[in-house]
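>>> model the following, please.
(chains A and B)
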Amino acid sequence: MTYVTDNEPDWLLARPIHEPTVGGMQATSDEALISRIATGDRLAMQVLYARHHVRVYRFVLRLVGGNAAVAEDLISDVFLDVWRQAGKFEARSAASTWLLAIARFKALSAMRRKPEEELDEETAGAIEDPADDPEVTAQKKDKGEILRKCLTALSPEHREIIDLVYYHEKSVEEVAGIVGIPEATVKTRMFYARKKLSELLKAAGVDRGWP
Amino acid sequence: MIASRDKAPEREDIEALLPWHAAGTLSRRDADRVEQALAQDAELARRFELVREEMAETIHLNETLGAPSTRAAQRLFDAIDAEDASKQRRTLSFDLTAWVVGFMSQLSPRTLAWASAAAVVALVLQAGLLAGLFVSQRGATYQTASYGEAATTATGAFALVRFNPSATAATITTFLDTHKALIADGPRAGGVYRIRVAAENLSKDELARRIGGMAEDKNVVAFIVPAN
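The predicted model follows:
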């Protein structure tokens, strides 16, 4: 996975991601808000922040290994970029997709800046290996809880795509735009993420009979 | 056998779309394809249920991640306020050149041409007004060398003079002031001017004396003789 770039690329702010705009009132309102933000409307910024900051925070939090302080700083930076670059926003992409693309770049940049030992420690802390105590988890007979544990044990790459598809409800095209990979790779990566999840579940005592 | 082999890639293709179908983010066309396949393929339908389980738990997991504290919002809006203050300071330090360049760049070529013409007219008018004001303030002390209705028509004693080519306007003016003379006419052929030496008629001797005094100023006068 190639996350390394030296400077923030222009495409984060100016490039259309060519996905269908989510066709409800929400998407239209977001565009209108961003237009107002481009004129320096602080209230519009507050509304956009209120609408999206939790989801952006959760996306970032997963990317930075659960460090809440880092995630909070990052979402401030994400929305500050929106404030500065609103005039460059092209309405061909959904606002939430744009936000997640900026958030992803900033989160991965922040993680690169951290000392490796700190990263490893945090990552190790954040990931619980369900294979460590399969008997205990199986005894709970709580498939949902096991599944959630297995989700946290996925690699950042797999976790990210599952979150984008299931939680952030991003289309194939949108995920391709956010992550910066071809659409075919999006489908393949999602398949392998789910396959890995099934393997982790099987190791935890839950055989789903797939793949 | 052939038919089932043909169906396998299509099934894989459909199966790859199941997560997006569960999330409702497929196009209408793809969603219809998936729906038809699910209706005909029990195993695919079972796998779709696995996808729905994954989705439900992913949402559950994310919802338990909590929300950022107010510190994040505070940090953001403090930064925005700081940028606004900085922008206002920049606005106060008005850059005239940048404003003019920006303003001019917004004008169409036709507008710009009319504006330029108007500016030229305004400059000419202004120059005329200033010149008129200057002349009116200086009054009789400023006249063109060849103009002087009062001098030409008035009676008095006159002389014909040719100034030294090296004499400047300033030295000629000083010369005329010194001798209380005025240029009455000229320049005539050969660069000769008719000057009034005195407002009253002078005797020949007196006129000769005065002209002799003027002729001594060699830096200014190249040639001078009495005139009628």
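
>>> how does the chain divide up, domain by domain?
Just so you know, I chose chain A. Under automatic domain parsing, the residue ranges defining each domain of chain A are A:10-126, A:128-204.

>>> think we crossed wires, I meant chain B
B:2-63, B:107-142, B:149-227.

>>> please identify which of those is closest to chain A.
Chain A lies closest, by CB to the nearest CB, to one member of the domains of chain B: domain B:2-63, at 3.9 Å. C-beta coordinates here come from the backbone N, C-alpha and C atoms, glycine included.

>>> quick one: which helix or strand includes the residue nearest to the spatial centre of chain A?
With distances taken as CA atoms, centre = their mean, the residue of chain A nearest its centroid is A:Phe59 (3.8 Å). Element membership of A:Phe59 [criterion: DSSP states H and E] is helix A:42-63.

>>> what mean pLDDT does the helix or strand following that helix get?
For helix A:42-63, the following helix or strand on the C-terminal side (DSSP H and E) is helix A:68-85. For helix A:68-85, the mean per-residue pLDDT is 96.

>>> one more: stretch A:178-196?
Averaged over stretch A:178-196, pLDDT sits at 96.

>>> does that stretch come close to chain B?
Yes - against chain B, stretch A:178-196 shows contacts by CB under 8 Å from any CB of the partner chain at A:187-188, A:190-191, A:194.

>>> neighbouring contacts of that stretch?
By CB atoms under 8 Å, 6 or more residues apart in numbering or on different chains, the surrounding residues in contact with stretch A:178-196 are A:17, A:97, A:100-101, A:104, A:154-155, A:157-162, A:164-165, A:170, A:172-173, A:175-176, A:211, B:16-17, B:19, B:51, B:54.

>>> buried ones among those residues?
Taking 16 or more other CB atoms under 10 Å in any protein chain shown as the criterion, what is buried in those is A:17, A:97, A:100-101, A:104, A:154, A:158-162, A:164-165, A:170, A:172-173, A:175-176, B:16-17, B:19, B:51, B:54.

>>> take those and keep only those in helices.
Among the buried ones among the contacts of stretch A:178-196, the ones falling in helices (DSSP state H) are A:97, A:100-101, A:104, A:158-162, A:172-173, A:175-176, B:16-17, B:19, B:51, B:54.

>>> next SSE after the lowest-mean-pLDDT helix or strand in chain B?
Sorting the helices and strands of chain B by mean pLDDT, DSSP states H and E puts helix B:149-153 at the bottom, at a mean of 50. Note on helix B:149-153: by DSSP H and E, the next helix or strand toward the C-terminus is strand B:157-163.

>>> contacts made by whichever helix or strand comes after that following strand with the rest, please.
Remark: after strand B:157-163, the chain's next helix or strand is helix B:169-178, criterion DSSP H and E. Contacts with helix B:169-178, where a contact means CB under 8 Å, 6+ apart, come from B:163, B:167, B:181-183, B:195, B:214, B:217, B:219-221.

>>> quick one: helix B:169-178 to chain centroid distance?
Remark: helix B:169-178 is offset 44 Å from the chain centroid, using CA atoms, centre = their mean, to the nearest Å.

>>> before we move on, what about stretch B:42-54?
With CA atoms, centre = their mean as the basis, stretch B:42-54 stands 69 Å off its chain's centre.

>>> same thing with stretch A:172-185?
For stretch A:172-185, the distance to the chain centre is 13 Å (CA atoms, centre = their mean).

>>> now do the buried residues in that stretch.
For stretch A:172-185, the neighbour count (16+ other CB under 10 Å) marks A:172-181 as buried.

>>> looking at those, which is nearest chain B?
Proximity of the buried residues of stretch A:172-185 to chain B (CB to the nearest CB) peaks at A:Val172, which lies at 6.1 Å.

>>> which ones are touching the closest one?
Neighbouring residues of A:Val172 by CB under 8 Å, 6+ apart: A:183, A:186-187, B:20, B:25.

>>> among these, which ones are in helices?
A:183, A:186-187, B:20.

>>> can you tell me which of those residues is closest to B:Gln126?
Of all the ones in helices among the contacts of A:Val172, B:Gln126 sits closest to A:Glu183, with 68.2 Å by CB to CB.

>>> against chain B, how distant is that closest one?
Distance, A:Glu183 to chain B, by CB to the nearest CB, to the nearest Å: 11 Å.

>>> tell me which element A:Ala32 is part of?
In this assignment (DSSP H and E), A:Ala32 forms part of helix A:25-38.

>>> just checking, what packs against that helix?
Packing contacts for helix A:25-38, counted by 3 or more CB pairs under 8 Å, 6 or more residues apart in numbering or on different chains; DSSP states H and E, involve helix A:42-63, helix A:68-85, helix A:95-113.
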